[in-house]
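Peer 1: I'll drop the sequence and a predicted model, then ask my questions.
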Amino acid sequence: MQTGGVVGEGVADLLGEVAGLGPYFEIVTGAAVGAGWRPFPDDEWVLGATVEYGERLGTGERRVAASILFQGLASRLWSPVVAAAARGIVPDLADLRWRWAPGEAVALGLAEPRGWRVEGVGEAADLVHPMVVDGHLRALRETMLSFVSLADGLVWGNAVSALAGSLNVGPSGGFRAALVRELLGREPLAGAGAFEADGFVRRNCCLYYRVPGGGMCGDCGLLSRNLR
């Protein structure tokens, strides 16, 4: 991949600033990422986290729990990367680690954060798309398919919903919004959702309505226009 140059200095500080936008934007860095952290995704932990999500949500449907977990993890991947790219650096997630334990929130981490300087939206998308989609989301999808059935439309619908939803936190104009739109136009995300006059709409549903007390999300493809 042709980039504006690999950088190490300042990446941890940038990720720290981005983390201030909210928990889904946080990537832990440095010495804190050590024992007890595993490469992302880890088959055993993905299954364990899915089971726990099902218990938290009160659903016995594993596919529902897996769907919602996938969307949450996708949000944790997209959000910090897109926000950092808008500030000129795409963080390198090749050595991404994660930590999960029953009763605890998922955490993502980079022991030695590095990245690439970028200037244009296309340049950033050329780095972000293969890194997040091919490097992590496809692997997460394959891990989940080993123990639950998830339709491709649902999986990539969750991915685009998480990507578009990242714009709902913090300043979303200019570069950041343009990058999200560029990424949404690339396979396998293309066609899974789009920005319309009344906001972003995905083409299917994450199944949250099947959770006891749940409902349809604001971008759900099952919602009629007059309810959106």
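Peer 2: Sure, I can see it.

Peer 1: give the other helices and strands that the longest helix along the chain contacts.
Peer 2: Counting residues, the longest helix in the chain under DSSP state H turns out to be helix 62-85. Applying 3 or more Cβ pairs under 8 Å, 6 or more residues apart in numbering; DSSP states H and E, we find helix 62-85 packed against helix 11-19, helix 43-57, strand 89-91, strand 107-110, helix 121-129, helix 138-145, helix 152-165, helix 175-184. From N, CA and C alone the C-beta is placed, and that goes for glycine too.

Peer 1: neighbours around residue 9, how many?
Peer 2: If you count neighbours by other Cβ atoms under 10 Å, residue 9 ends up with 8.

Peer 1: please disregard the earlier target; I meant residue 197.
Peer 2: Neighbours of residue 197 under the rule other Cβ under 10 Å: 6.

Peer 1: now it: how far from residue 179?
Peer 2: 22 Å (Cβ to Cβ, to the nearest Å).

Peer 1: also residue 200?
Peer 2: Residue 200 is 15 Å from residue 179, by Cβ to Cβ.

Peer 1: which of the two has more residues huddled nearby?
Peer 2: When residue 200 and residue 179 are compared for neighbours, residue 179 comes out ahead with 27 against 19, by other Cβ under 10 Å.

Peer 1: against residue 30, how distant is that one?
Peer 2: If you go by Cβ to Cβ, the gap between residue 179 and residue 30 works out to 26 Å.

Peer 1: just to revisit the earlier point, ok, and which of the helices and strands packed on helix 62-85 has the densest surroundings?
Peer 2: Ranked by mean neighbour count, these are led by strand 89-91 with a mean of 26 (mean count of other Cβ atoms under 10 Å).

Peer 1: now do the helix or strand following that one: everything it contacts.
Peer 2: Later in the chain than strand 89-91, the nearest helix or strand by DSSP states H and E is strand 97-99. Residues outside strand 97-99 that contact it (Cβ atoms under 8 Å, 6 or more residues apart in numbering): 33, 36-42, 45, 106-111.
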